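Chemist: just a sequence and a predicted model for now, questions to come.
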Amino acid sequence: MTHSTTVKAGRAGVRGVLLAAASLLVLATVPAQAGERDTLPGNWLYLTLTTGDAHSSHTRGTLLMCGPPQGHARAAEACAALAAVDGTLDRLSQRDAICPMIYAPVSARASGQWNGRPVEYRREFSNACELAARTGAVFALDH
């Protein structure tokens, strides 16, 4: 009986050590990633798009850097649009578009820095057409 208890305690101890080690590994990587993004030079934004609703959604993202432009296929165009509005995404000019009245929600988020100041942007659009008309190449992650 004592032998059985010792084995169980040993397994629980090993499980606890493994759990603690895994937790430390996860916690160690989070600040490193945040630190890397905080020290990026120049103008940059981490862009994410979430399509779908609360029941089923898909999120994708990319790092857009603007010195030189890189991050997605339309990085040069996105950087030029952001430069024209000094990195203020709410000031991007809306393009004329005829969008279908189909509800397919898209959430756009940008976080980063422009000319040394922090940038935070979050907006929901009824569909991808409205997103494209409002933000142009900035959130064109698929093209």
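Modeler: Yep, that arrived. Numbering: from 1, shown residues only.
Chemist: so what's Cys99 closest to, chain neighbours aside?
Modeler: Computed as C-beta to C-beta, 6 or more residues apart in numbering, the closest residue to Cys99 that is not its neighbour in sequence is Cys129, at 3.6 Å. For the C-beta atoms, the positions are set from N, CA and C on the backbone; glycine is no exception.
Chemist: for the record, mean pLDDT for the helix or strand where that neighbour lies?
Modeler: In the assignment (DSSP states H and E), Cys129 maps to helix 128-135. For helix 128-135, the mean per-residue pLDDT is 96.
Chemist: what sits up against it?
Modeler: In this structure, residues lying in contact with helix 128-135 by C-beta atoms under 8 Å, 6 or more residues apart in numbering are 49, 51, 89, 92, 94-97, 99-100, 104, 106, 108, 123, 125, 139-140.
Chemist: contacting residues for the residue nearest to the spatial centre of the chain?
Modeler: With distances taken as C-alpha atoms, centre = their mean, the residue of the chain nearest its centroid is Thr48 (3.7 Å). For Thr48, the contact set (C-beta under 8 Å, 6+ apart) comprises 59-61, 108-110.
Chemist: that older thread, so of the contacts of helix 128-135, which ones are in strands?
Modeler: The strands, defined by DSSP state E, take in 49, 51, 106, 108, 123, 125 from these.
Chemist: now the third one: how far from Gln94?
Modeler: Pointing back at Val106 there. As judged by C-beta to C-beta, to the nearest Å, Val106 and Gln94 stand 15 Å apart.
Chemist: and these two? which has more neighbours close in?
Modeler: Higher neighbour count among Val106 and Gln94: Val106, with 20 against 10, using other C-beta atoms under 10 Å.
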